[in-house]
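> got a predicted structure plus its sequence, pasted below:
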Amino acid sequence: MQPLKWIIGCTLSLLIAITLLLIAGPYRYLPSLLIYQKADLDDHKIFDNRIIEVSKSMPWPKAKMYNKITLTHDAQSILSQYDSKAFLVVHNGELLFEKYWKGYDENVRSNSFSMAKSIVSLLLGVAISEGYIHDLEQNLSDFLPAFNQGQRKRIKIKDVLTMSSGLNWDERYSSPFSVTAQAYYGQRLSGLVNTMQVAESPGKHFRYASINTQILAEVLEKATGVTISKYAATKLWQPIGATQPALWSLDQANGEEKAFCCFFSNAQDFARIGQLILNRGQWQDQQVVPYQYLVDALRPARYLKDHKDGQEVDFYGYHFWLTTYKHMEVVIVQGIKGQYILVIPAMNAVVVRLGEKKSAHRTRYMADDMFNYLDITMSVLKKNKA
């Protein structure tokens with residue numbers, strides 16, 4: 001009987017230790033992860049949120065050919081293959097085409113995932129223009145005391161903005177024990193930020209890391225004295241005439257916005273972000289985001305080397321992805337499940353695609369389905385001219 005009692009005692013001790021670890025340890029987020037299992041488009045329902053308020057809404061003007069263009073069979077097949085929820089094209093500042101699937105419409109909010117990173121970049125540009133931040137060469141330590149020690153003192157705002165901070169963040173999505181999972185489901189984002197250490201010299205290598213955006217959000221809040229949700233409402237969402245309040249999920253009630261993801265809105269209002277980028281920060285007669293900031297933001301950070309292959313970074317600026325397709329420059333705001341805002345200056349067009357999947361095959365960080373959406377857009381615009 002003695003060995004049996006010992007086994008039972010050890011088992012109970014182990015279960016108690018595991019329970020305490022889940023409740024109070026670094027993995028206390030695991031119960032939430034196990035319940036919800038994967039990040040979804042409607043995760044605002046499982047998190048606390050702040051509201052990004054609207055004021056005077058400005059509905060999109062509709063083009064003469066609005067929704068009179070029929071997608072080809074191949075286009076419909078591609079959109080279905082990747083479980084699309086919304087596909088929308090704005091041309092010459094007018095809503096030309098929109099289509100929704102599986103219960104989605106122009107009012108349903110979707111998770112932006114990493115599209116939120118580009119929104120944070122726009123807010124940073126505004127904060128610089130208002131004098132809250134001197135310039136991108138400022139050190140993080142000017143705003144965040146935790147970065148006023150060791151090698152972290154060397155990190156500049158520009159380094160986190162170009163994903164070259166050198167911090168020891170491991171951007172993995174497959175492991176429930178990864179810091180990415182901890183950030184998404186955890187309850188102390190500021191604490192997670194403070195644990196980051198420098199693993200390599202800042203400003204040298206591009207290494208995509210969501211923690212960089214979270215750091216930028218903390219800088220913005222320290223600099224402006226308001227939450228990024230409030231700053232986004234007054235400096236971005238209201239000036240561009242959004243029609244629906246957006247939501248930004250928090251790490252806990254009255255907590256910190258998950259700035260690296262989790263900005264929820266609808267396809268039409270996401271398109272306004274694209275139009276603002278297309279207009280180089282101007283909305284109607286108001287310069288919402290500084291012109292020069294956006295010019296710089298949409299210039300690739302070629303002075304950096306990609307940590308994967310050592311090649312120059314010709315695909316990323318200030319939290320914006322960049323590519324050239326069929327001799328046309330394209331600005332890409334993207335999320336992990338195939339959320340896209342595509343800006344095509346040569347065609348004066350903005351595309352929004354929301355959905356559940358994207359291609360597993362990539363060309364330098366660009367999933368193949370994105371190029372499919374560009375082809376579909378070109379077909380739509382060609383028919384519009386006919």
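Perfect, I can see it now.
> from here on, just use CA atoms for contacts and neighbour counts.
OK.
> show the pLDDT at the nearest residue to His205 once chain neighbours are set aside.
Closest residue in space to His205, ignoring its immediate chain neighbours: Lys305 at 4.8 Å, by C-alpha to C-alpha, 6 or more residues apart in numbering. The score at Lys305 is 98. That number is its pLDDT.
> what of Leu374?
pLDDT at Leu374 comes out at 98.
> any idea which element it lies in?
Assigned by DSSP states H and E, Leu374 belongs to helix 368-385.
> dump the residue contacts of the residue nearest to His205.
Lys305 makes contacts with 204-206, 311-313, as judged by C-alpha atoms under 8 Å, 6 or more residues apart in numbering.
> now, which of the residues you listed sits nearest Leu96?
Leu96 lies nearest to Val313 out of the contacts of Lys305, by C-alpha to C-alpha, at 34.0 Å.
> helix, strand or coil for the nearest residue to the closest one once chain neighbours are set aside?
Spatial nearest neighbour of Val313, chain neighbours left out: Arg302 (4.7 Å); criterion: C-alpha to C-alpha, 6+ apart. Counting by DSSP: H, G, I helix; E, B strand; the rest coil, the backbone at Arg302 sits in coil.
> low-confidence ranges, this structure, go.
1-37, 174-175 (pLDDT under 70).
> run a quick neighbour tally on Leu88.
Close neighbours of Leu88, defined as other C-alpha atoms under 10 Å, add up to 23.
> does it touch Ala267 like I think?
Yes. Judged on C-alpha atoms under 8 Å, Leu88 makes contact with Ala267 at a distance of 7.1 Å.
> can you list residues touching both of the two?
Residues touching both Leu88 and Ala267 (C-alpha under 8 Å, 6+ apart) are 352-353.
> now do the contacts for Tyr132.
By C-alpha under 8 Å, 6+ apart, Tyr132 lies in contact with 223-224.
> try it again with 10 Å
By C-alpha atoms under 10 Å, 6 or more residues apart in numbering, the residues touching Tyr132 are 124, 126, 219-220, 222-225.
> in helices, which of the residues you listed fall?
Among those, the members found in helices (DSSP state H) are 124, 126, 219-220, 222-224.
> top of the residues you listed by neighbour count?
Leu124 (26 neighbours).
> about what we covered before: ok, the residue nearest to Val313 - contacts?
206, 311-317.
> what's the answer for Ala116, then?
Ala116 neighbours (C-alpha under 10 Å, 6+ apart): 122, 213, 248, 258-264, 319, 333-335.
> got a list of what the nearest residue to Met58 once chain neighbours are set aside touches?
Leaving aside its sequence neighbours, Met58 sits nearest to Gly241 (C-alpha to C-alpha, 6+ apart; 4.6 Å). By C-alpha under 10 Å, 6+ apart, the contact list for Gly241 reads 54-60, 269, 272, 283.
> now the contacts of Ala116 in CSV, with secondary structure and neighbour count?
Below are the contacts of Ala116 laid out as CSV (DSSP: H, G, I helix; E, B strand; the rest coil; neighbours: other C-alpha atoms under 10 Å):
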residue, secondary structure, neighbour count
Leu122, helix, 26
Thr213, helix, 25
Trp248, strand, 25
Lys258, coil, 27
Ala259, coil, 31
Phe260, coil, 26
Cys261, coil, 26
Cys262, coil, 30
Phe263, strand, 29
Phe264, strand, 27
His319, coil, 26
Val333, strand, 24
Gln334, strand, 25
Gly335, strand, 21
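> for those, give me JSON lines that also has distance to Asn92.
Putting the contacts of Ala116 into JSON lines (distance: C-alpha to C-alpha, whole Å) gives the following:
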{"residue": "Leu122", "distance to Asn92": "22"}
{"residue": "Thr213", "distance to Asn92": "31"}
{"residue": "Trp248", "distance to Asn92": "30"}
{"residue": "Lys258", "distance to Asn92": "33"}
{"residue": "Ala259", "distance to Asn92": "31"}
{"residue": "Phe260", "distance to Asn92": "30"}
{"residue": "Cys261", "distance to Asn92": "29"}
{"residue": "Cys262", "distance to Asn92": "29"}
{"residue": "Phe263", "distance to Asn92": "26"}
{"residue": "Phe264", "distance to Asn92": "26"}
{"residue": "His319", "distance to Asn92": "25"}
{"residue": "Val333", "distance to Asn92": "19"}
{"residue": "Gln334", "distance to Asn92": "22"}
{"residue": "Gly335", "distance to Asn92": "25"}
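> nearest to Leu236, of those?
Relative to Leu236, the closest of the contacts of Ala116 is Leu122; by C-alpha to C-alpha it sits at 8.2 Å.
> against Ala349, how distant is that closest one?
From Leu122 over to Ala349 the distance is 19 Å, taken as C-alpha to C-alpha, to the nearest Å.
> got it, and Met115?
Using C-alpha to C-alpha, Met115 is found at 18 Å from Ala349.
> repeat for His91
5 Å.
> same thing with Glu257?
Distance of Glu257 to Ala349, given as C-alpha to C-alpha: 31 Å.
> mind listing what's buried in the helix holding Leu374?
For helix 368-385, a neighbour-count test (16 or more other C-alpha atoms under 10 Å) marks 369-370, 373-374, 376-377, 379-381, 384 as buried.
> same check, this time on stretch 288-295
Those would be 288-291, 293-294, for stretch 288-295 by 16+ other C-alpha under 10 Å.
> mind listing the helices in the stretch 51-200 of the chain by residue range?
Assigned by DSSP state H, counting those that start in this stretch, the stretch 51-200 of the chain shows helices spanning 73-81, 115-129, 157-161, 179-185, 189-195.
> quick check: Ala217 is in a strand.
No. Ala217 is assigned helix when assessed by three-state DSSP, not a strand.
> isn't it up against Cys261?
No. Applying C-alpha atoms under 10 Å as the test, Ala217 and Cys261 come out as separate, 11.4 Å apart.
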